[in-house]
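Student: what's the 3D shape of this:
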Amino acid sequence: MDARTHTLTPADELARRGPVRFPNESAEYRAARTALLAEELELRRHIERVAAQRRELPPGGEVRGDYRFQGEDGPTDFAGLFGDKDTLAVYSFMFGPQRERPCPMCTALLGPLDGNAADLGQKISLAVVARSPLERLLDFKRERGWRNLRLFQDLNDNFSRDYFGLLPDGSEVPAFNVFTRRDGTIRHFWSGEMTGDSADPGQDPRGAPDLSPLWTVLDMTPDGRGADWYPKLDY
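Tutor: Numbers count the residues shown, from 1 in each chain. Below is the predicted model:
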């Protein structure tokens, strides 16, 4: 159902109707929480408006590069990443051959994604691409206990370079790209484009909505995500 085709009840009215009350809460708390609930309802609606606008993007650029990968089932070209699906999501994992260990932030995102990969696989193809040799990728997959993620080595760095997982200076950045295959033509559909240049003061670069549930949960706590803590590979 598209909310844009319906007249929506104002968020503040819905918030005032909310039936939830907790033991021993004060009137001050309830008033502030109701005001916050109205903002949360507006946020939900805005997320849906943005998602609808994203779905209406015109066709993106055709994928024509020489992209070659090595996966657990052998070598494949870019079309092979789609499998039997018409939509492909690719996460560029910061684990190049120059790294002794992979990026902890990427790892913190991919762990929960592994838990949803089987579900996502019912609707789309999901691939994780990194530049390290496949053996290193699979060793780390076993170390983390990942079961459902499909990991691929970018054999010639072309995909990583063209779709912003590898910058011209050789540094790696995380990237999330979505592609479509329609009538035999593969096109780029969407990519996260929020970079360090677009970060707000006092914040790390991040996309919206945030792909990582780690940060979403911390945003709901009194101290928030903070500015001086980041996930590690081991604790």
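Student: so what's residue 216 up against?
Tutor: 209-210 (CB atoms under 8 Å, 6 or more residues apart in numbering). Quick note: C-beta positions are derived from backbone N, CA and C, even for glycine.
Student: Assign it to helix, strand or coil.
Tutor: helix (DSSP: H, G, I helix; E, B strand; the rest coil).
Student: pLDDT below threshold where in the protein?
Tutor: 1-5 (pLDDT under 70).
Student: pull the longest helix from it.
Tutor: For the chain, the longest helix by residue count, based on DSSP state H, is helix 27-55.
Student: So which elements touch it?
Tutor: helix 11-17 (3 or more CB pairs under 8 Å, 6 or more residues apart in numbering; DSSP states H and E).
Student: buried residues in stretch 138-148?
Tutor: For stretch 138-148, a neighbour-count test (16 or more other CB atoms under 10 Å) marks 140-141, 146 as buried.
Student: next one: stretch 195-211
Tutor: 206, 211.
Student: repeat for stretch 37-49
Tutor: By 16+ other CB under 10 Å, the buried positions in stretch 37-49 come out as 37-38, 41.
Student: What of stretch 170-182?
Tutor: Of the residues in stretch 170-182, 172-181 count as buried by neighbour count, 16+ other CB under 10 Å.
Student: just checking, residue 195 touches residue 207?
Tutor: No: with contact defined as CB atoms under 8 Å, residue 195 does not reach residue 207; the gap is 10.0 Å.
Student: Show me the domain layout of this protein.
Tutor: Domain assignment for the chain, taken from automatic domain parsing, gives 1-56, 68-191.
Student: Out of the ones you listed, flag the one nearest residue 218.
Tutor: Distance to residue 218, taken as CB to CB, is lowest for domain 68-191 among the domains of the chain, at 11.2 Å.
Student: Determine how far the closest one lies from the middle of the whole chain.
Tutor: Relative to its chain's centre, domain 68-191 lies at 12 Å (CA atoms, centre = their mean, to the nearest Å).
Student: ends of it, how far apart?
Tutor: 20 Å (CA to CA, to the nearest Å).
Student: In this protein, mark out all the strands, start to finish.
Tutor: 68-71, 74-77, 87-92, 125-130, 151-154, 175-182, 185-191 (DSSP state E).
Student: Determine which of those strands approaches residue 10 most closely.
Tutor: strand 185-191 (30.9 Å).
Student: tell me what that closest one is packed against?
Tutor: Where contact means 3+ CB pairs under 8 Å, 6+ apart, strand 185-191 is packed against strand 175-182.
Student: Need the contact partners of the strand it packs on.
Tutor: 60, 63, 79, 82, 85-92, 163-165, 186-192, 207, 211.
Student: List only buried entries from those.
Tutor: For the contacts of strand 175-182, a burial check counting by 16+ other CB under 10 Å picks out 60, 63, 82, 85, 88-92, 163-165, 186, 188-189, 191-192, 211.
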